[in-house]
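Trainee: here you go, sequence then predicted model.
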Amino acid sequence: MNNGNNIIEIRNLKKSYDKGKINALNGLDLEIKKGEFVSIMGPSGSGKSTLLNMIGALDRGDEGSIEVAGVDLMHKSSLNEFRSTEIGFVFQMHNLIPNLTVLENVEIPMYETKLSSKEMHQRALELLKSVNLEDKIDQNPTKLSGGERQRVAIARALVNHPSIILADEPTGALDSKTGDIILSLLKELHQKERVTLVMVTHEPYVAQMAGRIINVLDGRIESSNLT
Amino acid sequence: MSFISLVVKNPFRNKTRSSLAIVGIAIGIMVIVALGMITGGLKTSTQSTLKAGSAEITVIQAGSSGSGGFGSGSINQSRVADVQKLSGVKDAAGTLRASYDLQGSNSSSSSGSPGGGLPSMGFSITGINSDKLSLAGVDSVNGTAFTNGSVNEIIVGKTAAQDLNKTVGDTVNLYGKDFKITGIFETGSFMTDSGAFMSLETLQNLTNNQNKVSSIAVKINDNANTTEVSKTIQDAYPNELNTTTAAAQESRINQGLSFIDTASWAISLLAIFIGGVGVINTMIMSVYERTREIGVLKAVGWKDRRILGMILGESIVLTLIAAVVGTVVAVVGVEVLLSVSTFGTVIQPSFSLDIFLRAFGVAFLVGIIGGLYPAYRASRLAPTEALRYE
Ligand SMILES: Nc1ncnc2c1ncn2[C@@H]1O[C@H](COP(=O)(O)OP(=O)(O)O)[C@@H](O)[C@H]1O
Ligand SMILES: [Mg+2]
């Protein structure tokens, strides 16, 4: 099944919660090419976040197969290293650590790498520059605006050079103007860093930014259309 | 920022809660250090007390309370020479002990009070022949010793000299008479060093105890056995003389000290338990509040082991801060307490490394015990659950 161009290959993936009462993923099939920008849409509860969590190896499926960046996630024993090197998450809520500075927050994913404190500092600084926050590096995240926090979260997601960025409603908590800034930033980074970007959204005009829109319904792919 | 800095920084997020946990453990550590300093001080002090007296046996009046070996009865002075003649006895010195209230300046009873020598119970004066001073533990005098029969010469212990603010050549008024301090001695025993010695005859006259001594200090022959000589003395004068030995005193005092030791260990254990429960509670609350954050740490690739290490480390940071606080408060507290109370001259608090190692060891242990369960819970959180947590 391995097509060299696909960074994500999912076959008949099933995931249920509450002892099988809730079927979040219902035999889902999906292929995403390396460097693609894909939007995932669908009603609330249709399984979008669950799908993203499976791709990001935050949880394991019950049945089927899932291979991401060449790793068989159904059988790989410890997933933290995969998450550390291959995946960058951007959540709806920024989830920054409030007692750390902006720069220290961006350094957090690098603790599992072999970088020295100095190298960590430099890399975090580099990314904060690319999201235009170099003047806020020593600030506390609680003092930032929603858009600025989300930019810190994007810098944090990119800091370990991941091959895939998984963004779960990254603009969901922002006003539309700030949301647009975040989206264009994501798109710019996707092009510049040649990273695969998978973004969940429920707003059609946001989804239009991607190269492909996937619709999820009841834990399955309902449609997949190039924009 | 290094991982260690992160671990040190985190406990300060909720300052109130962390402070409360720190105070709880600090109190336990404070008790451990304070008790350790005081019992340690008592130990060294009693050890030198016992070593100082070169007399192995103290003879007291039969039936008198001989606790402490200083005697509260009285013995006819002629018995000193009698005891000296007994086999196994190398030397014997009659001593009369009196306690004099310097503040009130009125003479108190002769023969002293049992365990006399505590400054709060009066100034302890011992009458002895100056050539027998070594039997009372005084081996050297800074200055000169008093002359036998002299009615106005006295030597005082170092602690007493400090308390009275006197040096060699000064006078001290006792029983309405001025005594010249001819010398100052130091034996290392708190009881002896806070008292004074004068001519036996003079003290007998001053306290109306002519030809009476309160005890006889006996030094035995090098090859003699303390128990045997004690028995010889008791058998020679049954119902009249009784004996106590330094060894017996030592075991009595050691019994008391080992009780204090046990008590302080029991208190330490209690402190570990209470402190441990406090730390578990604090860290569980901290982990609970940071559920989402722990989910994020897992999402960015942190190993379970690193999360475990972070929470455990935070717990140890809390208890080590408590150890520092508790130790400082204990040291300052003991010093202040001793400086304002009369025990100050009696107890030299011990600053042995042992006590501080114990305090930090206990704190470290409490940190690990208290942090282990919360850290384990945090490391086992399912990332998706943690991220869904509101
Ligand atoms: N950890 C979980 N425990 C129980 N039920 C869950 C869990 N995660 C998701 N679900 C359920 O699975 C279904 C799909 O959820 P989700 O993937 O979050 O949907 P979406 O992101 O599309 O809104 C929902 O019914 C949701 O309640
Ligand atoms: Mg969702």
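Mentor: Looks like it came in fine. Ligands and ions are numbered 1, 2, ... in the order given.
Trainee: quick check, the residue in chain A closest to chain B?
Mentor: residue A:84 (2.4 Å; CB to the nearest CB). Bear in mind the C-beta positions are built from the backbone N, C-alpha and C, glycine included.
Trainee: host element of that residue?
Mentor: Per DSSP states H and E: residue A:84 is located in helix A:80-86.
Trainee: same deal with residue B:147?
Mentor: Using DSSP H and E, no helix or strand contains residue B:147.
Trainee: residue contacts, the closest residue to residue B:225 other than its chain neighbours?
Mentor: Closest residue to residue B:225 apart from its sequence neighbours, by CB to CB, 6 or more residues apart in numbering or on different chains: residue B:88 at 7.6 Å. With contacts defined as CB atoms under 8 Å, 6 or more residues apart in numbering or on different chains, residue B:88 is in contact with B:220-221, B:224-225, B:228-229, B:232.
Trainee: doesn't residue A:40 fall inside a strand?
Mentor: Yes - assessed with DSSP: H, G, I helix; E, B strand; the rest coil, residue A:40 lies in a strand.
Trainee: I'd say it and residue A:214 touch.
Mentor: Yes - taking contacts as CB atoms under 8 Å, residue A:40 lies within contact range of residue A:214: 5.0 Å.
Trainee: on that earlier part again, who wins on neighbours among the contacts of residue B:88?
Mentor: The most crowded member of the contacts of residue B:88, judged by other CB atoms under 10 Å in any protein chain shown, is residue B:229 (24 neighbours).
Trainee: find the nearest non-adjacent residue to that residue, please.
Mentor: Spatial nearest neighbour of residue B:229, chain neighbours left out: residue B:88 (4.0 Å); criterion: CB to CB, 6+ apart.
Trainee: next, the one you found: phi, psi?
Mentor: Torsion angles at residue B:88 (phi, psi; degrees, to the nearest 10) stand at phi 90, psi -10.
Trainee: state the distance from it to residue B:137.
Mentor: Distance from residue B:88 to residue B:137, counting by CB to CB, to the nearest Å: 21 Å.
Trainee: and for residue B:271?
Mentor: Distance from residue B:271 to residue B:137, by CB to CB: 39 Å.
Trainee: now do the helix or strand where residue B:16 lies: which elements does it pack against?
Mentor: Following DSSP H and E, one finds residue B:16 within helix B:15-52. Under the contact criterion of 3 or more CB pairs under 8 Å, 6 or more residues apart in numbering or on different chains; DSSP states H and E, helix B:15-52 touches helix B:190-193, helix B:246-289, helix B:304-340, helix B:353-380.
Trainee: residue A:101 reaches residue A:142, doesn't it?
Mentor: No - Residue A:101 is not in contact with residue A:142 according to CB under 8 Å; the separation is 10.9 Å.
Trainee: more neighbours: those two, which one.
Mentor: residue A:101 (19 against 9).
Trainee: dump the residue contacts of that one.
Mentor: With CB under 8 Å, 6+ apart, residue A:101 has these contacts: A:137-141.
Trainee: ok, the residue nearest to residue B:160 when sequence neighbours are not counted - how many residues close by?
Mentor: Nearest non-adjacent residue to residue B:160, counting by CB to CB, 6+ apart: residue B:194, 5.0 Å away. By other CB under 10 Å, 22 other residues sit near residue B:194.
Trainee: surely residue B:194 touches residue B:157?
Mentor: Yes - assessed by CB under 8 Å, residue B:194 is found in contact with residue B:157 at 5.6 Å.
Trainee: on that earlier part again, return the helix holding residue A:84 as PDB; C-alpha atoms alone will do.
Mentor: Provided in PDB are the C-alpha atoms of helix A:80-86 (Å, rounded to 0.1, in the frame of the first residue of the first chain):
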ATOM      1  CA  ASN A  80       6.600  10.100  22.300                       C
ATOM      2  CA  GLU A  81       9.700  10.200  20.100                       C
ATOM      3  CA  PHE A  82       7.500  10.100  17.000                       C
ATOM      4  CA  ARG A  83       5.500  13.100  18.300                       C
ATOM      5  CA  SER A  84       8.600  14.900  19.200                       C
ATOM      6  CA  THR A  85      10.300  14.700  15.800                       C
ATOM      7  CA  GLU A  86       7.500  14.400  13.300                       C
END
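Trainee: circling back to that earlier point, between the contacts of residue B:88, which sits nearest ligand 1?
Mentor: Of all the contacts of residue B:88, residue B:225 has the smallest distance to ligand 1: 82.7 Å, by CB to the nearest ligand atom.
Trainee: any idea how far residue B:232 is from that closest one?
Mentor: 10 Å.
Trainee: same check on residue A:205?
Mentor: Between residue A:205 and residue B:232 the distance is 113 Å, computed by CB to CB.
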